[in-house]
Structure formats: C-alpha cells, structure tokens
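**Q** Just a sequence and a predicted model for now, questions to come.
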Amino acid sequence: MISDKVFTGDGATSTFSVGFRIISSDHVKVYETPSGGTQSVTSKDDYTVINNSIVFDTAPATLTSITIQVGTDAADLITSPSDIGTVAANIANVQLLGTADTVADMAILGTTDTVADMALLSTSAVVADMALLGTSAVVEDMALLGTSAVVADMDALNDVSVLADMSALNDVSVLADMSALNDVSVLADMSALNDVSVLADMSALGTTAVRTDMDTVADSIVDVNRYANEYKIASSAPTSPSAGDLWYDTTLNTLSNYTGSGWASISSYSHPNLTGEVTSTGATSTLIASNVVDEANLKVSNAPTNGQFLSAQSAATGGMTWAEVDALPNQVGEVGKYLTTDGAASPTASWATLDTDANSTTKGLYEMANTIAANYSITSGNNALTAGPITINTGISVTIPTGSTWVIA
C-alpha cells in the first residue's frame, strides 16, 4: 500500500514527519510543486530519510506543495529485492519492532527535536568525540565520576552561589593571583600557616569580639598611624622628629617631648600641701578655708568707710567698689506717708501724705469698667455712682447696705 502525506513549505521548515517509521529511502518518493508551478520529483540527493521524517537540505520555499509517498506493505517491498533478504534474515528484529513498547519508543524517536538531536550526533565531530569517550581511560574516569561521593560533590558545585564563585575565579586577574599562589615561597608560607599553633591563633582572631576590635581599629586607622608616627618607644632618640612628638627612653625610663629644636624631659609634678587661709593636700584641689575671707583679702578699688556697702563696678579695680547707701529721711511720726524727691541734681528725699479723699480731676473725666466681675459691697453709710450701662457677670453680686443708695446714671 502506498501512503501519501502532503505538506506546505514555509521557507523555514526543513523536516517533515509522516507519522510512522520509513524502512528505507527506497520506499520513499518525494514530489515538490512550487506555487503556480508544475510538480516534479525531488532528487534523493536533496533530502535525507531519518526514522519517520524527510529532512531537506534546504527548506522548501513558502507555499510549495510537498507530497511524500511511502510504501507500507510487503507488495511495495517487492520492488526492492535486496531488502527482502535483509528483512528475512532479521525477521526476529522486525517482529520486535512491532511490539507496543517499541512502537511507543519509535514514536518518541520520530519527534522533530529527537530527529534534530540524532542528526547532530551523526556529525563527524560528534562521532569523533564519542569514539574518544569510548576509550578505556575515559570509561574509567566516567566510572569514577559516577560514584555517589563525586555525584554529591557535583550537585553541591551546581549551586547558584558556587557557580557564581567559579565564574569569578575564571577572571584573568584571579587566575593570575592563583598562579602567583603556586610559587614555591608562597606554598612554603601556606604550609607554615597550617601549623597547629598558627591555626589556633587564626581561630582566636576569628572570634566576634576580636573581629569587632579589628573593625574599631580599622575605622580609626588614621589615628593609629598618627600615634605610631608621633610616639616612639626606644633606647635612643628618634630621627627626624616633629614638634610635639613623644619619646619614651627605655634606658633612662623617662618621657620627653620634641620642642622643635630638641628633646625636653617631661618631669612629674607633686602638688604642694598648703595650710592657712588656702589649703590643699597631695593631689586634692586647692580650697579656701571656711570663715577666713575678710576685708583685707578682697580686691576692691577704694578704701571703705563704716556703713558703706560693696557695689559691683566692672570698670573698677577688682570689679568692686565701696559705696555709700542713700539714707532715708527720719521715719518717726510719718505713718501712712510715701517717699518722694524734689527731682534736683542732688535730690532730697522727704515723706509726703497721699491724698485719698480727692474728689476732682484735671483730666475732665473719670473712667470705670462697664462690667462688674467680682462681688462688691458698698461701704455702710456711703452711696455709690456708676456710669451706665453696667453688666454684672453671672454669679456676681453687688451688696447695698441699708440706708445706702447705688445710682447708675
């Protein structure tokens, strides 16, 4: 039986599947009909039969009609006698190909992606690579790579962060660093670092407290370097010092500072013991003793006279001056009076009587509030006059005694 499969080219597709395995290229005939043209047989040199597909060397043009004829039964095979013997000799295999599992496998193998992959595997370069992979040495290596430990290691290496690290290691500068690490002297240094005591020291350096201290020092490295430059501990004077530098002489156990022209010894200071009006003991503060500061110990601009007071005068010596107190007039018999002056350049003070009974004003009017906001009682025996209108706040009262009158005008 002959089966025809018809397709239409799109200018890009080169593989066309008939949906079942093609036994050989002798059982296939391909026709192409260009758009608006005449059908012609396609040369077998222009395509390849792979499993269930025809793979063109060049993708047929857009709108080209492609007809694939495939012989599918024994009658068709008669036209190829050489194949009959081959089939008869491999009848067991032919029968095996008819099982459901094999048919399913061949269906998978016939997919476009698998066909393309097999085409790639058949290139000379890949064939050469596979031949190399088949050598005994490579087989042994792959057996080693297949052990559970190596597989676990490769799984770990496939982590995103590890892959990123390996990518970073492939940098030119990093490769140069690794090459430098391979130097004999560097390898010797690394071997020394592997000593137990050195490893213990490095472990100590890795503690949180030490790392915090190192961060602190790193943040203050400018001050650390300045201290190292300005403070020296040695048995002989530093060379090329700068003014203000310190040097501790380990031979004499003395501390000196550089003045700019030479080294000057810094001596210790012993605080004196003081007694009397000012006291101190050892390193304690100097204190003024209680109840000892008198007139003679004050710094004042003038000599005092009895009865004067001490007045602050910033322009005076010591900032203080003895000054007279302005005396009050005699107060005997002056009850209820107030103090007034005559306003002269050297004023004279005197007592005057306050007129609380005045009933006249030179202003022409008296003013009063128009709201009473506090309780008020008119004095008994008196009358009261208010210019109205007047408002008495809520809760407030005005008391008018018997016999008194309150007039609101």
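**A** Great, that's in hand.
**Q** Name the next helix or strand downstream of the host helix or strand of residue 127, please.
**A** Taking DSSP states H and E as the definition, residue 127 sits inside helix 124-133. Sequence order places helix 136-145 as the next helix or strand after helix 124-133, per DSSP H and E.
**Q** what about that following helix, average pLDDT?
**A** Helix 136-145 shows a mean pLDDT of 89.
**Q** list the helices and strands that helix packs on?
**A** In terms of contacts (3 or more Cβ pairs under 8 Å, 6 or more residues apart in numbering; DSSP states H and E), helix 136-145 is packed against helix 124-133, helix 148-157. All C-beta atoms are positioned from the backbone trio N, CA, C, and that covers glycine.
**Q** okay, now residue 162: neighbour count?
**A** The number of residues packed near residue 162 is 11, by other Cβ atoms under 10 Å.
**Q** secondary structure class for it?
**A** Of the three states, residue 162 takes helix according to DSSP: H, G, I helix; E, B strand; the rest coil.
**Q** Now it. Nearest residue, chain neighbours left out?
**A** Distances taken as Cβ to Cβ, 6 or more residues apart in numbering put residue 156 closest to residue 162, at 6.7 Å, once the chain neighbours are dropped.
**Q** Out of the helices and strands packed on helix 136-145, which gets nearest to residue 179?
**A** Residue 179 lies closest to helix 148-157 among these, at 22.2 Å (Cβ to Cβ).
**Q** With just CA atoms, put that closest one into PDB.
**A** Taking Å, rounded to 0.1, in the frame of the first residue of the first chain, the C-alpha atoms of helix 148-157 are listed here in PDB:
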ATOM      1  CA  SER A 148      27.900   8.600  44.900                       C
ATOM      2  CA  ALA A 149      30.500  10.800  46.600                       C
ATOM      3  CA  VAL A 150      31.500  12.500  43.300                       C
ATOM      4  CA  VAL A 151      27.800  12.900  42.300                       C
ATOM      5  CA  ALA A 152      27.100  14.600  45.600                       C
ATOM      6  CA  ASP A 153      30.100  16.900  45.100                       C
ATOM      7  CA  MET A 154      28.900  17.800  41.600                       C
ATOM      8  CA  ASP A 155      25.400  18.500  43.000                       C
ATOM      9  CA  ALA A 156      27.000  20.900  45.500                       C
ATOM     10  CA  LEU A 157      29.000  22.600  42.700                       C
END
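**Q** how about TSV for the helices and strands packed on helix 136-145, with distance to residue 16 added?
**A** Listed next are those as TSV, based on distance: least, Cβ to Cβ, whole Å:
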stretch	distance to residue 16
helix 124-133	24
helix 148-157	40
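**Q** For the ones you listed, give me a markdown table that also has mean neighbour count.
**A** What follows is these, written out as a markdown table (neighbours: other Cβ atoms under 10 Å):
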| stretch | mean neighbour count |
| --- | --- |
| helix 124-133 | 10 |
| helix 148-157 | 10 |
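**Q** Now do the residue of the chain positioned farthest from its centre against residue 22, distance only.
**A** Distance from the centre of the chain peaks at residue 403, with 90.1 Å (Cα atoms, centre = their mean). Look at residue 403 and residue 22: by Cβ to Cβ, to the nearest Å, they are 145 Å apart.
**Q** and what of residue 189?
**A** Distance, residue 189 to residue 22, using Cβ to Cβ: 69 Å.
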